[in-house]
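Participant: Have a look at this prediction, sequence included:
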Amino acid sequence: MSISSISAIQSDKNLIVNRYASWLGELAVSALRDEASLTPKPGLVDLHHNGSHEDMNIELMYQSAASLQSTFTQMAQVSYGTYADQSLREQLAWIGRTGEQQMLTVTKGVNTHRGAIWALGLLTGSASMLIREAYRNTEVPYRLKAISAEHIARTASEIAQYPDRYAPVTASHGTQVKHQYGTGGAKDEAQHGFPHVINVGLPALQQARAQGIDELYARLDSLLTIISVLPDTCLLYRGGQQALEQTQQRATVILSQGGTSTTKGWQALLAFDQWMVKHHFSPGGSADLLAATLYIDSILKGITDRTDMESLSKTTGGRM
């Protein structure tokens, strides 16, 4: 094979890597925007109000999400064709911290998406790894459809097992809550394979859709289902164990009334939102996991439809 042929193959490969990475980056940002714009959300920033966050609004959330697209794209690029190991963990951590600084510059110091960078960053790296692995090991048309939500979450958990040896030592809200209440928070969620996404958020979303419920209500019900069972460190930090239990109970009641698509459930959601804002409670951890739920859902939709993926691989005739 000539040098020019080798160069052409490498050029094709780089093009495909960049296109897949860009696709994942766009989906990650879309998931963050979709989570932010979902309205009404109890105690959270949405299209109607700032929730329990005096320093945030919907435009800031949009700007923050947009600032992270290059971060998620880079995470996908470095993960493509690799395996879960210490080196990848530290590359993703470095990109994530750089992205966090970009976010803080845009938001003027407001922490809008730190938790989402962690969760969606790991899932981005995992999805990129699995896309390459699928092309390497199986035949068309099964190479991408073999990827599942469980597979993405499990691979992300494998990455999360490795320590971030260069992480700055800070007394974050999550760390404080862990010491006080023994709750693992975002790190444990990732290391255990995102159980509140795989076993809670996604099934609730899919079940609502299967029942013919409108997408707005399906997503709201998914969020409430996560809130009803997640030991949300944001709630624990703001209001302690009592705030967590009361919030979970109220979410459970709405779901028991048939969810947000019913008149009774919708009215209860509006009252729940007012109650959360009154007490300055915010289920920020649940919001991050809803974004993760929507992100995985969009990846699987792209794979199932094949439309997005086929358009990305046209230039190489399927060669990866």
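Facilitator: Right, received. Where do you want to start?
Participant: right, and the secondary structure at residue 14 would be what?
Facilitator: Here residue 14 takes the helix state, with states given by DSSP: H, G, I helix; E, B strand; the rest coil.
Participant: Please enumerate residues in contact with stretch 125-145?
Facilitator: With contacts defined as CB atoms under 8 Å, 6 or more residues apart in numbering, stretch 125-145 is touched by 20-21, 24, 75-84, 88, 92, 146-147, 151-153, 155-156, 159, 299, 303-304, 306, 309, 318, 320. For every residue, glycine as well, the C-beta is placed using N, CA and C.
Participant: Could I have the buried ones of these as ChimeraX selection syntax?
Facilitator: To isolate in ChimeraX the members of the contacts of stretch 125-145 that are buried, counting by 16 or more other CB atoms under 10 Å, one can use:
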select :20,21,24,75,76,77,78,79,80,81,82,84,88,92,147,152,153,155,156,159,299,303,309,320
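Participant: Restricted to strands, list the contacts of stretch 125-145.
Facilitator: Secondary structure from DSSP state E places none of those in strands.
Participant: Could you give me the buried positions within stretch 174-193?
Facilitator: Neighbour counts over stretch 174-193 (16+ other CB under 10 Å) mark 174, 177-178, 181, 183-186, 189-191, 193 as buried.
Participant: How about stretch 45-64?
Facilitator: Neighbour-count burial for stretch 45-64 flags 45-46, 49-53, 56-58, 60-62, 64 (criterion: 16+ other CB under 10 Å).
Participant: what residue ranges in the chain score low on pLDDT?
Facilitator: Low-confidence segments of the chain, defined by pLDDT under 70: 1-13, 137-142, 171, 305-320.
Participant: on that earlier part again, of all the buried residues of stretch 45-64, which two lie farthest apart?
Facilitator: Greatest spacing in the buried residues of stretch 45-64, by CB to CB: 52 and 62 (18.9 Å).
Participant: picking that back up, with secondary structure and distance to residue 258 added, can I get the buried residues of stretch 174-193 in JSON lines?
Facilitator: Listed next are those as JSON lines, based on DSSP: H, G, I helix; E, B strand; the rest coil; distance: CB to CB, whole Å:
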{"residue": "174", "secondary structure": "helix", "distance to residue 258": "34"}
{"residue": "177", "secondary structure": "helix", "distance to residue 258": "33"}
{"residue": "178", "secondary structure": "helix", "distance to residue 258": "36"}
{"residue": "181", "secondary structure": "helix", "distance to residue 258": "32"}
{"residue": "183", "secondary structure": "coil", "distance to residue 258": "30"}
{"residue": "184", "secondary structure": "coil", "distance to residue 258": "32"}
{"residue": "185", "secondary structure": "helix", "distance to residue 258": "31"}
{"residue": "186", "secondary structure": "helix", "distance to residue 258": "31"}
{"residue": "189", "secondary structure": "helix", "distance to residue 258": "28"}
{"residue": "190", "secondary structure": "helix", "distance to residue 258": "33"}
{"residue": "191", "secondary structure": "helix", "distance to residue 258": "35"}
{"residue": "193", "secondary structure": "coil", "distance to residue 258": "30"}
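Participant: quick one: which of those residues is nearest to residue 266?
Facilitator: For those, the nearest to residue 266 is residue 189 (29.1 Å; CB to CB).
Participant: can you pull the contacts of the closest one?
Facilitator: By CB under 8 Å, 6+ apart, residue 189 lies in contact with 119, 195-196, 289.
Participant: Next one: residue 165 from residue 213, what distance?
Facilitator: 46 Å (CB to CB, to the nearest Å).
Participant: let me fix that: residue 112
Facilitator: Here residue 112 is placed at a distance of 29 Å from residue 213 (CB to CB).
Participant: same check, this time on residue 113
Facilitator: Distance from residue 113 to residue 213, by CB to CB: 28 Å.
Participant: higher neighbour count, those two?
Facilitator: Between residue 113 and residue 213, counted using other CB atoms under 10 Å, residue 113 has the larger neighbour count: 27 against 20.
Participant: Nearest spatial neighbour of the more buried one, chain-adjacent residues omitted?
Facilitator: Spatial nearest neighbour of residue 113, chain neighbours left out: residue 64 (5.2 Å); criterion: CB to CB, 6 or more residues apart in numbering.
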